[in-house]
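1. Here you go, sequence then predicted model.
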Amino acid sequence: MKISVIGAGNVGATTALMLAQQRLGEIVLLDIVEGMPEGKALDMAEAGPVARFESGVRGTGKYEDIAESDIVVITAGLPRKPGMTRMDLLTKNAGIAATAAGEVKKRAPKAIIVVVTNPLDVMTYVAWKTSGFPKHRVFGMAGVLDSTRFRYFVADALNVSVEDTQAMVLGGHGDTMVPLPRYTTVSGIPITQLLPAETIDQLVTRTRKGGTEIVGLLKTGSAYYAPAASAAIMVESIVFDKKRLVPASAYLEGEFGQKDVFAGVPVIIGRKGIERIVEVELNDEEKAMLQKSADDVRQGITDWKQAAGGGA
Ligand code: TXD
């Protein structure tokens with residue numbers, strides 16, 4: 001398997017390291033900053049002898065090195081800087097995501113694309129449109145991260161193992177994401193039976209603001225260990241055809257009552273990419289939250305199309 005990671009910043013480099021440690025394949029790490037991806041790849045290779053892994057990570061600044069990749073993870077993008085509006089960030093990152101997806105189309109036409117760059121669901125749409133790939137081969141990583149955060153908070157509140165907690169978070173990756181306590185369990189027991197409603201509400205709010213909490217602490221960037229681990233899990237499910245059932249940002253054509261939008265829904269990921277979207281029953285309140293979240297993504301897609309001069 002050849003796996004390329006576009007963007008060798010915090011998330012990209014950490015993802016490459018995790019993929020290498022799990023020996024998932026030949027890895028290419030690409031960035032526009034000269035020498036940086038090569039430097040990080042060399043550093044990882046030098047960790048190999050003591051940490052006991054054959055790195056197999058190649059750093060590069062050239063897109064020709066991603067040729068014939070089986071999987072491409074797109075993490076390239078700009079962080080929001082002071083004075084930059086959300087719209088500035090959207091158009092800048094859309095340009096970067098479109099360039100990356102265009103290169104993938106040209107050089108690795110059979111690849112599966114996993115998008116990580118924010119705003120996630122809109123960037124996944126951009127990558128899907130630009131690549132022209134079928135919908136099962138382009139999806140976004142966010143729900144795995146949002147649900148692993150929820151799992152951690154639940155495990156911490158109950159003082160139980162994180163291994164026994166499972167959680168489901170739907171919707172777009174943002175403040176309007178939809179954590180689903182009814183589908184969140186500890187060894188099969190719904191948390192609604194284990195925690196008071198008030199505590200669950202607090203955990204849901206903390207999950208929604210999970211990214212902001214880390215940014216507030218780090219001050220100079222955003223989270224990357226849990227995001228990288230989440231992206232790596234998705235790659236692993238493709239490589240080993242594991243058919244993991246996880247939330248991912250997928251193109252919807254009527255599922256959950258949503259059309260022509262990317263949003264986080266439960267999917268099964270295997271060697272071919274998204275093998276199936278799993279529709280679960282939602283109550284009226286959950287449906288309304290998902291609608292709101294999908295509408296936010298739709299607005300972002302419209303903004304991108306307008307900024308791209310209707311050519312997108
Ligand atoms: O859940 C999720 N999907 C997310 C998303 C969780 C965490 C981070 N999330 C987003 O991923 C974040 O908002 C950013 O949009 C991306 C990457 O985050 P990261 O923390 O890795 O940002 P960095 O450290 O700034 O790295 C970005 C790299 C940096 O090295 C740039 O030089 C590079 O992207 N970059 C490019 N690489 C290739 N090609 C182009 N054009 C390019 N532009 C910038």
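-> Right, received. Where do you want to start? Numbers count the residues shown, from 1 in each chain.
2. For stretch 152-167, measure first residue to last.
-> One end of stretch 152-167 sits 9 Å from the other (CA to CA, to the nearest Å).
3. Repeat that for stretch 184-200.
-> Note: stretch 184-200 ends 10 Å apart using CA to CA.
4. Could you give me the buried positions within it?
-> Neighbour-count burial for stretch 184-200, with 16 or more other CB atoms under 10 Å as criterion, is recorded at 184-186, 191, 194-195, 200. Glycine gets a C-beta too; all of them are placed from N, C-alpha and C.
5. Mind putting those into TSV with secondary structure, distance to Ile74 and pLDDT?
-> Formatted as TSV, the buried residues of stretch 184-200 follow (DSSP: H, G, I helix; E, B strand; the rest coil; distance: CB to CB, whole Å; pLDDT from 0 to 100):
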residue	secondary structure	distance to Ile74	pLDDT
Thr184	coil	29	97
Thr185	strand	32	98
Val186	strand	34	98
Ile191	helix	34	98
Leu194	coil	38	98
Leu195	coil	37	98
Ile200	helix	34	98
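6. of those, list those near the ligand.
-> Taking CB under 6 Å from any ligand atom as the test, the ligand is in contact with none of these.
7. which residues of this structure fall in helices?
-> In the chain, the helices defined using DSSP state H lie at 10-21, 36-51, 86-107, 120-131, 143-158, 197-208, 210-218, 225-239, 284-307.
8. Buried ones in the fifth one, by neighbour count?
-> Spelled out, it's helix 143-158. 143-155, 157.
9. just the buried residues of stretch 184-200 now: which is nearest Ile71?
-> Checking those against Ile71 with CB to CB, the nearest one is Thr184 at 28.9 Å.
10. My guess is the closest one contacts Gln166. True?
-> Yes - look at Thr184 against Gln166 with CB atoms under 8 Å: they come within range, at 6.7 Å.
11. What parts of the stretch 201-312 of the chain come near the ligand?
-> So the stretch 201-312 of the chain meets the ligand at 221-224, 227 (CB under 6 Å from any ligand atom).
12. Quick one: buried ones out of those?
-> The buried subset of these - by 16+ other CB under 10 Å - is 223-224, 227.
13. how many neighbours does the residue in the chain that the ligand sits nearest to have?
-> Using CB to the nearest ligand atom, the single residue of the chain nearest to the ligand is Gly9, 1.7 Å away. A total of 19 residues lie near Gly9 under the criterion other CB atoms under 10 Å.
14. give me every residue that touches it.
-> Counting by CB atoms under 8 Å, 6 or more residues apart in numbering, Gly9 touches 31, 75-76.
15. among the residues you listed, who's most crowded?
-> Compared across the contacts of Gly9, Thr75 has the highest neighbour count, 30 neighbours, by other CB under 10 Å.
16. could you measure it against Ala228, distance?
-> 9 Å (CB to CB, to the nearest Å).
17. residues shared between the contacts of these two?
-> In contact with both Thr75 and Ala228: 11, 15, using CB under 8 Å, 6+ apart.
18. Burial check on Lys129, number of neighbours?
-> 17.
19. how near is Met84 to Ala94?
-> Met84 is 14 Å from Ala94, by CB to CB.
20. what about these two, which has more around it?
-> Neighbours were counted for Met84 and for Ala94 using other CB under 10 Å; Ala94 has more, 27 against 12.
21. who touches the more buried one in this structure?
-> Neighbour list for Ala94: 122-123, 126, 304, 307-308 [criterion: CB under 8 Å, 6+ apart].
22. Only whichever of these are buried, select them in PyMOL.
-> The PyMOL selection below is limited to those of the contacts of Ala94 classed as buried (16+ other CB under 10 Å):
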select buried, resi 122+123+126+304
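23. pLDDT weak spots in the chain?
-> 310-312 (pLDDT under 70).
24. Briefly note if stretch 132-142 comes near the ligand.
-> Yes - using CB under 6 Å from any ligand atom, we find that stretch 132-142 touches the ligand at 141-142.
25. chain center to that stretch: distance?
-> Stretch 132-142 has its average C-alpha position 11 Å from the chain's average C-alpha position, going by CA atoms, centre = their mean, to the nearest Å.
26. Not counting its neighbours along the chain, what's nearest Ala45?
-> Spatial nearest neighbour of Ala45, chain neighbours left out: Ser55 (4.2 Å); criterion: CB to CB, 6 or more residues apart in numbering.
27. Kindly report the residues of the stretch 51-200 of the chain close to the ligand.
-> Near the ligand, when you scan the stretch 51-200 of the chain using CB under 6 Å from any ligand atom, you find 75-77, 79, 93, 96, 99, 116-118, 120, 141-142, 145, 173.
28. Max pairwise distance over these: which two?
-> Thr99 and Leu145 (24.2 Å).
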